[in-house]
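Novice: Let me see the structure of the following:
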Amino acid sequence: MVSKSWIKKLFNEIKQWVSDGIIDSSQEARIKSHYAGRLEYGRLINTITTLGSILVGLGVLLFVASNWDKLGRAVKITIIFSVTSLFNLAGYYFRNVKKNHPGLSQGFFLMGAFSFGAGIWLIAQIYQIHYNFSGGILFWILGILPLVYIYRLWTVLSLSSILSFIWLCSYQSYYFQRAGYGFFILLAVILFFCYKQGQRFPLFVMIAAVASWLGHFWFLEFYRAELFSEANAIIAHLVFAIVFIALGFILYALGVYHLARKQFGKFSFLYKFLGIIFICLPAYSLSFAHHYDDYTRGVYPLKVGLVIGFLFILAISISLYLRNLSRKEGRNSQEINLVLCVICATIFAVAVSLMLPRFTSLCFNIILFIETLGFMYLGFIKHSEGIFRLSIVIFFVNVLSRYFDIFWKMMPRSLLFIFGGIILIAGAIFADSKRRQIEERMHEG
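Specialist: Okay, here's the model as predicted:
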């Protein structure tokens, strides 16, 4: 079976063959057309067979569920173990015996993982075992992770990442006063499998889980210190946003690092994309002037301040390491230099905002403007349409917000709508034409 990664490697080799004169451009086109067709067909068949096996599994589970109340305890236990074993045996058969049906194997293993999770709660219900939801989810994750290790199952890995996120949320709800540091052990295991198998979706889910953990950590520390009050709302919001901005810089720096390492290159865009979102959206939330009309100075927990300091130091350390690495390898370090400048400017804005919260809106309006223009420029020089388009979207959302936030009271409503509409239409046409020109240059590059 021809894999997607193998075809990508072949296409890269073909380019080198053409440049070396081994084959001509017409032969290159015929080879690419042949294997591109096989790739799409193989992916379609695998998708259909995976969905088919999932439907069969759901049918079996629903049939058992519809007759569940009529069965005795021994029969129920037998069915639970039998169904789970049959799904996994079917997955093993189509993976190791009938090796040309990977889609069926993935589907049956996934249904085996689902039936294992269902069996946990059914057995607890049959024997009246007291349990909490987070404990059952954790046991489910630990039970299916060996399948990910042995058979490299991307479907079960994706399920494990989603369950890890659910476990974290349920654990934090059930044990509210605990930070849940054990999550990072689970995070390390899932990340190991993500990198080993080259899977981006579970990596995305785990990054979202890290953001959720940071949000709970912030809330918990403010709650313990009894700092949630109207007088302290500005500082609480400011600190919350700064935590995620620091995380965003770490993610973007990791994206630059992954791009410099060919074996991890496929993860680069995900890290950069999420990094820009975590950098810009919190800064955008701090850019509204009316938040600071009734300013009163507040305080924040020491632990949260230490976490913010640690995150910013980590972001700067990774960036400096990447800059030195780029110089040693003779590569252009323009991107990481620009990121370092933005980090330093953000730290300055953070310091000013913590000491003088009345200037928070001004500082982060300036920072957000610099960030969006900087990321647009980076998307252009790196030929990344996704980064470029995301930066444009953030830029125009910010401009539109400032239109309503700042200029709303500066002129009569009718004139405001007329002039504002004209400016927005003209700006949209101009920006769209420039976007097309830049994207054409990217394709040429």
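
Novice: What are the phi and psi values at Ser384?
Specialist: Note on Ser384: its backbone torsions stand at phi -110, psi 100 [degrees, to the nearest 10].

Novice: how many neighbours does Gly379 have?
Specialist: Neighbour count for Gly379, taken as other CB atoms under 10 Å: 23. Where C-beta positions appear, they are placed from N, C-alpha and C, glycine not excepted.

Novice: and it, how far is that from Lys32?
Specialist: 27 Å (CB to CB, to the nearest Å).

Novice: Could I get the full set of helices for the stretch 51-200 of the chain?
Specialist: Assigned by DSSP state H, counting those that start in this stretch, the helices in the stretch 51-200 of the chain fall at 73-92, 102-126, 133-151, 154-174, 183-197.

Novice: Lowest average confidence across those helices, which one?
Specialist: For those, the weakest mean pLDDT is recorded on helix 102-126, namely a mean of 81.

Novice: Next, format the helices of the stretch 51-200 of the chain as JSON lines and append distance to His237 and mean neighbour count.
Specialist: Converted to JSON lines, these look like this (distance: least, CB to CB, whole Å; neighbours: other CB atoms under 10 Å):
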{"stretch": "helix 73-92", "distance to His237": "48", "mean neighbour count": "16"}
{"stretch": "helix 102-126", "distance to His237": "38", "mean neighbour count": "21"}
{"stretch": "helix 133-151", "distance to His237": "29", "mean neighbour count": "18"}
{"stretch": "helix 154-174", "distance to His237": "21", "mean neighbour count": "20"}
{"stretch": "helix 183-197", "distance to His237": "25", "mean neighbour count": "16"}
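
Novice: List just the one of these that sits closest to Phe264.
Specialist: Nearest to Phe264 among the helices of the stretch 51-200 of the chain is helix 183-197 (7.1 Å), distances taken as CB to CB.

Novice: hmm, who's touching the closest one?
Specialist: With contacts defined as CB atoms under 8 Å, 6 or more residues apart in numbering, helix 183-197 is touched by 141, 145, 148-149, 152, 154, 157, 160-161, 164, 167-168, 171, 199-200, 202-203, 206, 209-210, 213, 264, 267.

Novice: What's the separation between the spatially closest residue to Phe139 that is not a sequence neighbour and Thr155?
Specialist: Excluding the flanking residues, the one nearest Phe139 by CB to CB, 6 or more residues apart in numbering is Ile120, at 5.8 Å. Distance, Ile120 to Thr155, by CB to CB: 19 Å.

Novice: you'd agree Leu338 is up against Gly374?
Specialist: Yes: applying CB atoms under 8 Å, one finds Leu338 in contact with Gly374, separated by 5.6 Å.

Novice: So which elements touch the helix or strand containing Asn324?
Specialist: For Asn324, the element it lies in under DSSP states H and E is helix 302-328. When contacts are defined as 3 or more CB pairs under 8 Å, 6 or more residues apart in numbering; DSSP states H and E, helix 302-328 packs onto helix 201-224, helix 233-260, helix 334-355.

Novice: Alright, calling it a day.
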